[in-house]
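**Student:** This is a predicted model, with the sequence first.
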Amino acid sequence: MMKKMLLVFSIAMALQILVFGNAAMAAEPTSNSALNIVATAYAPGPHDNGKWGNLTHMGTQVRPGIIAVDPKVIPLGSRVYIEFPDGHGVEAVAEDTGGAIKGNRIDIAMASVAEAYDFGMQNVKVTVLK
C-alpha cells in the first residue's frame, strides 16, 4: 500500500513539473525579499475602478490598506510592507488586480480620487510578509 502511495505521489509531482515547470515556483517571491516596484494609486468608484466600482478582484471593498498587484509577481492575499522613497512605510494586503498592473507594478488604494492624484507615481520597495 505504501509503495502505491509513493508511486502515485511521484507521478503527480512529475506531472506538475511537466505541466507547470518551475515557473510557478519562481513567480512567488520569497518571504522578506524586497522588490523594486513602480507604485501608482487609485480610489474606489467608477472614476478609477471602472465597472468594478468599489469592489476588488477578491470581492472586498476598495479601501486604504489594499493594493492591486500582478498575481504572477505578488500572490493575491499576500501581506506586504511598502517602503516609500522618504523612508516611511506601511503594510497592505494584495486583494486587487488591474489591467495596467503588470510585472513590478502596484496600485495603492486611497480614500479619494484627490489622494490618488496627489500620490502620483513613485518607486517603492515591497517586501512580501505573507
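**Tutor:** Perfect, thanks for sending it. Residues are numbered from 1 along each chain as shown.
**Student:** now the helices: where do they sit in the chain?
**Tutor:** Remark: helices assigned in the chain by DSSP state H are 2-20, 23-27, 46-49, 113-119.
**Student:** for the last one, what is the average pLDDT?
**Tutor:** Read it as helix 113-119. Regarding helix 113-119, the rounded mean pLDDT is 95.
**Student:** Low-confidence bits of the chain, can you list those?
**Tutor:** Applying pLDDT under 70 to the chain picks out residues 1-32.
**Student:** which residues of it fall in strands?
**Tutor:** Here the chain has its strands, by DSSP state E, at 34-42, 66-68, 79-83, 89-96, 105-109, 122-128.
**Student:** Deepest-packed of those strands, please.
**Tutor:** Highest mean neighbour count of those: strand 66-68, a mean of 25 (counted as mean count of other C-beta atoms under 10 Å). C-betas here are computed from N, CA, C, even on glycine.
**Student:** Show me what that strand packs onto, helices and strands only.
**Tutor:** Counting contacts by 3 or more C-beta pairs under 8 Å, 6 or more residues apart in numbering; DSSP states H and E, strand 66-68 is packed against strand 89-96, strand 105-109.
**Student:** List the contacts of the shortest one.
**Tutor:** For strand 105-109, contacts defined as C-beta atoms under 8 Å, 6 or more residues apart in numbering pick out 37-44, 62-70, 74, 82, 92, 96, 98, 100-101, 119, 124, 126.
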